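In: structure for this input, please:
(2 chains)
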There are 2 protein chains.
Amino acid sequence: MTKANNKDKTENLQTPLQQITYLLRKYRLVEGFVHLQNESDQELAESSVQKQNLAELQSLLDQLHPADIAHILEALPLEDRLLVWSMVKAEYDGDVLLEASDAVRETLITEMGNNELVAATEYLDTNEIADLAPDLPQVVMDDVFQSLPIAERQQLRAAMSYPEDSVGALMDFDVITIREDVRLEVVLRYLRRLDELPDHTDQLFVVDRNEQLKGVLLINKILVSDPDMLVADVMTEEMITLHPDDVAQQAANAFERYDLVSASVIDAHGKVLGRVTVNVVIDFIREKAENEALNLAGLKEEEDLFAPVLKSVKNRWVWLAVNLVTAFIASRVIGVFEDSIEKLVALAALMPIIAGIGGNSGNQTITMIVRALALEQISSSSAWKLIAKEIGVSAVNGFIWGTVVGLFTYIIYGNPALGLVMTLAMILNLLLAALLGVLIPLTLRKLGRDPALGSSVMITAVTDSGGFFIFLSLATIFLL
Amino acid sequence: MTKANNKDKTENLQTPLQQITYLLRKYRLVEGFVHLQNESDQELAESSVQKQNLAELQSLLDQLHPADIAHILEALPLEDRLLVWSMVKAEYDGDVLLEASDAVRETLITEMGNNELVAATEYLDTNEIADLAPDLPQVVMDDVFQSLPIAERQQLRAAMSYPEDSVGALMDFDVITIREDVRLEVVLRYLRRLDELPDHTDQLFVVDRNEQLKGVLLINKILVSDPDMLVADVMTEEMITLHPDDVAQQAANAFERYDLVSASVIDAHGKVLGRVTVNVVIDFIREKAENEALNLAGLKEEEDLFAPVLKSVKNRWVWLAVNLVTAFIASRVIGVFEDSIEKLVALAALMPIIAGIGGNSGNQTITMIVRALALEQISSSSAWKLIAKEIGVSAVNGFIWGTVVGLFTYIIYGNPALGLVMTLAMILNLLLAALLGVLIPLTLRKLGRDPALGSSVMITAVTDSGGFFIFLSLATIFLL
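Out: Numbering: from 1, shown residues only, chains lettered A, B, ... in the order given. Okay, here's the model as predicted:
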């Protein structure tokens, strides 16, 4: 991909990061050298080499889009990040903060004075300020409020009142409304008086005297229609409308299914409150997918790649603690059977196989079910069909892999009975994995909780402890 | 979210699925009853109750958007799915096939005659036909080719030639080009002669005599500018351009960062080939995120929720086989220490704790690194910083959790030396997890492979076998 103007300066996205890293390394090298010579920081900053390095850095930065600057800041270790951040144009500060991940944004805000922060918000819309608000000091927010006109204060208050992950939190207020009883000609003249249309304006909202939404007039429809026509004759009444309290995921589904660029947000009385645009939806989808991947590995939240060690420890300990508890339980299950293991020590070497494959198979089932739940594809009537299918898959897999494992055991240990116990234990643990792989996410959903959160830990706990128990008790009954 | 026209028919997305499920259940009930009475299928189909059920179903379906129909088909078990599919309007067939997941699309195509398939493509653009092509029988594709005008044949051939996951595969050909030396007035008149603009047209492409891209004219800019102005004065020369051979992910990144609705695709000489639009990018992002989640659990590809058991077994066996191999290896590592376990059977109960926590910690590191690699945030100079950081995090975690585990062991078994061995083994296994958690994905990337694929299996294999080895050899050295 090239971000080309006719000069085609940058050949590749990674290049600016590489160039900046290179300049920073040169800068740090000189710095180290100067320090070695015991010269003061003052002299350092004034040395002509350093001045040139910084000037080059500055001119590179000045050409970059705020989103690219945010990306580069995320990729830099803390010290370099703050040096570069101090060189970013003040009018970009707000946009860069918006584009940066939560963790990195925090490091940037910590470095800014209150006045700088207030200044940064001046270039932002109210809905964007609302996004930053949770990370800004209260003093700053008070100042920002004071500086806004009354109408925008109300918008900001409204935007801050919607919970995260609601449509309201994705909404902006850049709405152009028109009346249905005017000619397109008039609409065109009205638009021409604006300096520019808000980004992602693909439709105008047609409202009646009470601000109630009657329909939408597509921009592209204006262009191909006779200017003498009435808005009412060109507008569409069939449209997607969102409510501010809807779950954001529903808006994302609608944008994906119906290929939208923008959609109106209306209140219970049909009054237009704002709109959601596709760029915000893309950010939401990306962030959500990333958070799911992080949560799956037990990372509580986005972690700054270069976060201090102790901060990372804090981000990760909950998951390790939970897993430690389940590991302890599994360990106690084994402890119950110590006598059996003492008599037949091969059990110790074989038991992790049963537990491990059970965990893998259970996680496959969970992944299928969680995905289907997210896509709203499971009804109460199909749940039984799914359990039956997963049990069937596990029965076949258990039979195949149980046989393989049984043969392997027989070959290694020359004990056919031990092989049979392995086969049987494998089949039973896979069936357990299938049953709970369906039931755990369905139950979490029934209880109103997110089925993606924690179901993987739970299934692994069950297949570990369950697998050890099944295998060791079968062995105790049949072999000893 | 409501898809409202002024009648506000449907209150909630799930409702059509529920209604259809309800009608299908009624239909199947009557069917079962009639079969019980040994009446023929003929009579069944002609019974007035059944006719009414089908008519209701039909009228429900006729109101739905193709994307919603595809969603409902995915949620239905095979038999019901095919009944509903047979009732979908012919002009929607192509769109529904496009929207359906690969696995479900396959079940639908199998049920269609070749003529039906050819007919379905008639409502599609060439780039859409190219998306379906891999799933269509050769005979059908030959017929489709024959039926196209020459220009579209070339487009179809071009579209089919780009590899999956390239920008070319996302591209469509609905491009409007204009010259820079005309007035906006003329552009407006030109547009008005079209029935409608292609979906997601937010800009027109300005080309010179050789079809080379000179800039873009934003639709919204046309609306706010004086019609007497020249295109050259209103157009933007700074713009994002893509190349058909770029990786699709790069296009997705560009859309996300620069908030695009469409972007031009040009060849090496700057000639406009087509464009990519945001709706296609959203589908790509969603599909990619889903595939990553599925791959992580070892599901080779999207699996039809109601796939036959044997098909699912086939989709899942590779992963189970790979894990079986690593479990066997871990089992043999334990086997080496059978003498030690026989002497101190507590080792058998404790060893899975060391292996398990190591696996969890390693997967946390891998997730961080894979994410940073995907975002292109790791340079060779920062790799060392990352290893140092992860080792630091593991050292702290190892010390904390190792102490907890050591105390637990001491309390349960009353053996302080055993507790110390647990602590030490935990620390060492977490350090191993950190080191390889960074090195495995970086190495896979260096070798030109996808670091997300398989790195989780590899780290778990290392922390299992490594954990057993570290713990059991420490125990053998210090305790026996």
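In: how near is the residue nearest the centre of chain A to chain B?
Out: Ranked by distance to the mean C-alpha position of chain A (Cα atoms, centre = their mean), the top residue is residue A:287 at 2.2 Å. Distance of residue A:287 to chain B, given as Cβ to the nearest Cβ, to the nearest Å: 10 Å. C-betas here are computed from N, CA, C, even on glycine.
In: and the one helix or strand that residue maps to, what does it pack against?
Out: Under the criterion of DSSP states H and E, residue A:287 resides in helix A:278-296. If you count contacts as 3 or more Cβ pairs under 8 Å, 6 or more residues apart in numbering or on different chains; DSSP states H and E, helix A:278-296 packs onto helix A:167-170, helix A:248-258, helix B:248-258, helix B:278-296, helix B:346-374.
In: tell me the angle of the longest one relative to helix A:278-296?
Out: It refers to helix B:346-374. Relative orientation of helix B:346-374 versus helix A:278-296 (axes from the mean of the first three to the mean of the last three Cα atoms, to 10 degrees): 160 degrees.
In: try the second one
Out: Here helix A:248-258 runs at an angle of 120 degrees relative to helix A:278-296 (the same axes, to 10 degrees).
In: so is helix A:248-258 next to chain B?
Out: Yes. Helix A:248-258 is in contact with chain B by Cβ under 8 Å from any Cβ of the partner chain, via A:250-251, A:253-258.
In: list just the nearest of those residues to residue B:437.
Out: residue A:256 (33.5 Å; Cβ to Cβ).
In: and the closest one, how far from residue B:224?
Out: The gap separating residue A:256 from residue B:224 is 30 Å, by Cβ to Cβ, to the nearest Å.
In: if we can go back for a sec, tell me the mean pLDDT over the following helix or strand past the helix holding residue A:287?
Out: Using DSSP H and E, the helix or strand that follows helix A:278-296 towards the C-terminus is helix A:309-336. Mean per-residue pLDDT for helix A:309-336: 91.
In: ok so, going back, compare residue A:256 and residue B:224 (neighbour count), which wins?
Out: residue A:256 (19 against 16; other Cβ atoms under 10 Å in any protein chain shown).
In: what pLDDT does that one get?
Out: For residue A:256, the model assigns a pLDDT of 93.
In: please apply the same query to the one 5 residues further on.
Out: According to the prediction, residue A:261 has pLDDT 97.
In: tell me who's in contact with the closest residue to it other than its chain neighbours.
Out: Nearest residue to residue A:261, sequence neighbours excluded (Cβ to Cβ, 6 or more residues apart in numbering or on different chains): residue A:202, at 4.1 Å. For residue A:202, the contacting residues are A:218-220, A:261-262, B:202, B:261, by Cβ atoms under 8 Å, 6 or more residues apart in numbering or on different chains.
In: by neighbours, which of those residues wins?
Out: residue A:262 (25 neighbours).
In: separation between it and residue A:280?
Out: 10 Å.
In: residue A:434 and residue A:393 touch, don't they?
Out: Yes. At 6.8 Å, residue A:434 counts as touching residue A:393 under the criterion of Cβ atoms under 8 Å.
In: need the overlap of contacts for the two.
Out: With Cβ under 8 Å, 6+ apart, residue A:434 and residue A:393 have common neighbours residue A:365.
In: follow-up on the earlier one: what's the most buried one of the helices and strands packed on helix A:278-296?
Out: Ranked by mean neighbour count, the helices and strands packed on helix A:278-296 are led by helix B:346-374 with a mean of 26 (mean count of other Cβ atoms under 10 Å in any protein chain shown).
In: so that one, near chain A or not?
Out: Yes. Looking at helix B:346-374 against chain A by Cβ under 8 Å from any Cβ, the contacts come from B:346-353, B:355-357, B:360-361, B:363-364, B:366-368, B:371-372.
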